[in-house]
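> Just a sequence and a predicted model for now, questions to come.
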Amino acid sequence: MYGDERRSRIIAESAGFIALIAAGSWISIPFFPVPLTLQTFFVLLSGAVMKRWAVVPAGLYILVGAMGLPLFHNGTAGVGVLLGPTGGFIIGFIAAGLAAGLAYEHESDSVRIAGLAAASLLIYLFGVSWLAASTGMSITAALMVGMLPFLPGDAVKTAAVFFVARRLQ
């Protein structure tokens, strides 16, 4: 009997992207209080490949990591990571996956580039807000520590996602 090919594809791609996001968490350049990882590259790439369904691997990645599987940066796990200074950035993966995915439902390169930029900004919005709230630092200090040092690397990752996704389609 033939099953639902679309559902099977979503499940398979979700498993693959959960693994890639987890692998990207091990590729880490230590910064304080938030490390630079390749997780965001794979979150954005999941949006480019899976369209709006990219919320599935992002959400499951967070759920499974919160349940104790060591998927977060450098093998950390648990709700404590989500409540710590990096938690907002991780939660932002869901919104970022959706934003990138919705943008990739359009054929226009300018819409796709704008969607990838918006997705990165959403990660910063969630991350910097939570960084300020969880550590007691001001929004300005959180921007200086949790966003500004990462902008060049994220610009390179975003451009790489655009060109890799173009090759995949």
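The structure has been received and is ready for your questions.
> all contacts plus neighbour counts: C-alpha atoms, from now on.
Noted.
> which helices and strands sit right next to the worst-scoring helix or strand of the chain on mean pLDDT?
Ranked by mean pLDDT, DSSP states H and E, the weakest helix or strand in the chain is strand 28-29, scoring a mean of 74. Judged by 3 or more CA pairs under 8 Å, 6 or more residues apart in numbering; DSSP states H and E, strand 28-29 is in contact with strand 36-37.
> tell me which strands and helices the strand it packs on is in contact with?
Counting by 3+ CA pairs under 8 Å, 6+ apart, strand 36-37 packs on helix 5-26, strand 28-29.
> what is the rounded mean pLDDT of the biggest helix by length in the chain?
Assignment by DSSP state H gives helix 109-135 as the longest helix of the chain. Averaging pLDDT along helix 109-135 yields 97.
> list the buried ones in that helix?
111-113, 115-133 (16 or more other CA atoms under 10 Å).
> Also stretch 62-81?
Residues of stretch 62-81 classed as buried: 62, 64-66, 71-74, 76-78, 81 (neighbour count, 16+ other CA under 10 Å).
> now swap in stretch 150-163 and tell me
150, 154, 157-159, 161-162.
> so which of the residues you listed comes closest to residue 46?
Among those, residue 161 lies closest to residue 46 (CA to CA), at 9.4 Å.
> What's the local residue count around the closest residue to the closest one other than its chain neighbours?
With CA to CA, 6 or more residues apart in numbering as the criterion, residue 161 has its nearest non-adjacent residue at 5.6 Å, and that residue is residue 45. Residue 45 has 27 neighbouring residues, counting by other CA atoms under 10 Å.
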